[in-house]
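Engineer: below are the sequence and a predicted model for it; my questions follow.
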Amino acid sequence: MQPGQQLERGDYIHERVYQRLRDMIVEGDLEAGERLVETELARILGVSRTPVREGIRRLLQENWVEMREFGGVCVRRLTAQDLVDAYRTRAVLEALAARLACEKITPAKLEKLEQIVAGEFAALDKTDLAVTSRLNTDFHDSLARLCDNKPLLDALQVLGIHTVHYKRAIQRAAEADEAWREQYTSHALARIQDHAKIIDLLRSGEGDVLEDHVRRHVLETADSLVALLDLNRDEAGISRNTAELSTFFHL
């Protein structure tokens with residue numbers, strides 16, 4: 001765990017501490033399986049233990065963290081089934097969000113999505129996988145926000161824990177091994193091209209077609225990522241890259 005930026009005190013300190021703790025998990029400052037120590041987190045964030053304790057309680061409710069067998073709380077480790085289940089649920093919710101977005105789309109909003117996709121192509125062309133992955137998340141988040149439906153957006157946000165560790169581990173493996181990098185690049189290119197297709201459907205106003213396309217897009221992404229996970233498995237044992245992934249998931 002790396003030191004984070006200390007938070008300013010104020011009326012909303014509990015909310016800011018919760019958000020910062022969640023960001024630390026998403027950004028990898030708190031790794032899967034790492035124990036959350038209230039005193040240490042309070043020191044890093046420059047707050048008392050009370051808002052940290054409240055933040056951890058909320059993280060428990062949202063399944064970002066879990067109780068350890070012998071006491072305490074740690075960042076949740078996920079199974080491959082968790083990932084598949086999360087993507088199946090995301091497929092339904094993101095498809096609905098896209099359909100609702102189709103009713104509210106404007107030229108300015110389309111332009112923002114087009115800029116994200118252009119950035120994705122540029123980052124991938126430079127083999128900048130970290131930026132490519134971040135922009136992929138930006139695209140999906142921006143598309144979902146267009147639906148302007150808070151309960152739907154809240155549900156999608158909670159699902160994020162089921163994919164964030166996995167995507168980061170895949171990215172690390174791709175950066176460390178040429179074979180992984182080629183496979184990951186191919187996967188990313190197909191996803192970005194599909195993002196461009198989603199924009200075309202938004203522009204045309206074909207809500208039914210868009211909803212079906214986004215659902216298939218998310219499910220196909222899951223299939224592709226699971227295939228990437230199994231790239232280096234063989235009967236002789238677990239490869240270096242799969243071993244790294246297994247620190248994030250029970251494989």
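Structural biologist: Structure's in. What do you need? Residues are numbered from 1 along each chain as shown.
Engineer: ok but F70 is inside a helix, no?
Structural biologist: No: counting by DSSP: H, G, I helix; E, B strand; the rest coil, F70 is not part of a helix but coil.
Engineer: that one and L30, how far apart?
Structural biologist: Computed as CB to CB, to the nearest Å, the F70 to L30 distance reads 19 Å. Just so you know, the C-beta spots here come from the backbone N, C-alpha and C atoms, and that holds for glycine as well.
Engineer: between those two, which one's more packed in?
Structural biologist: L30 (24 against 5; other CB atoms under 10 Å).
Engineer: so that one is in contact with V73, correct?
Structural biologist: No: the criterion here is CB atoms under 8 Å, and L30 misses it with V73 at 10.8 Å.
Engineer: who touches both of these two?
Structural biologist: The contact sets of L30 and V73 overlap at L36 (CB atoms under 8 Å, 6 or more residues apart in numbering).
Engineer: quick one: pLDDT of A97?
Structural biologist: pLDDT recorded at A97 is 96.
Engineer: try the one 10 residues further on
Structural biologist: The model reports P107 with a pLDDT of 94.
Engineer: list the buried ones in the helix or strand where Q183 lies?
Structural biologist: Secondary structure assignment for Q183, by DSSP states H and E: helix 178-204. Neighbour-count burial for helix 178-204 flags 180-181, 183-185, 187-188, 191-192, 194-195, 198-199, 201-202 (criterion: 16 or more other CB atoms under 10 Å).
Engineer: check those and tell me the two furthest apart.
Structural biologist: Pairwise distances across the buried residues of helix 178-204 peak at 32.6 Å for W180 and L202 (criterion: CB to CB).
Engineer: contacting residues around the helix or strand where D141 lies?
Structural biologist: Using DSSP H and E, the element containing D141 is helix 129-145. Counting contacts by CB under 8 Å, 6+ apart, the residues outside helix 129-145 that touch it are 94, 97-98, 101, 112-113, 116-117, 119-120, 123-124, 152-153, 156, 167-168, 171, 174-175, 181, 184-185, 188, 191-192, 195, 198, 214.
Engineer: pull out the buried members of these.
Structural biologist: The neighbour count (16+ other CB under 10 Å) marks 94, 97-98, 101, 113, 116-117, 119-120, 123-124, 152-153, 156, 167-168, 171, 174, 181, 184-185, 188, 191-192, 195, 198, 214 as buried among the contacts of helix 129-145.
Engineer: can you flag which of those belong to helices?
Structural biologist: 94, 97-98, 101, 113, 116-117, 119-120, 123-124, 152-153, 156, 167-168, 171, 174, 181, 184-185, 188, 191-192, 195, 198, 214 (DSSP state H).
Engineer: show me where the chain dips below the pLDDT cut-off.
Structural biologist: 1-11, 78, 80, 160-162, 164-169, 229-251 (pLDDT under 70).
Engineer: tell me, how many residues neighbour L129?
Structural biologist: Counted with other CB under 10 Å, the neighbours of L129 add up to 19.
Engineer: what do you get for the one 3 residues further on?
Structural biologist: Here the number of neighbours of T132 (other CB under 10 Å) works out to 25.
Engineer: for the residue nearest to H187 when sequence neighbours are not counted, give me its contacts.
Structural biologist: Spatial nearest neighbour of H187, chain neighbours left out: S224 (4.8 Å); criterion: CB to CB, 6 or more residues apart in numbering. Residues near S224 by CB under 8 Å, 6+ apart: 187, 190-191.
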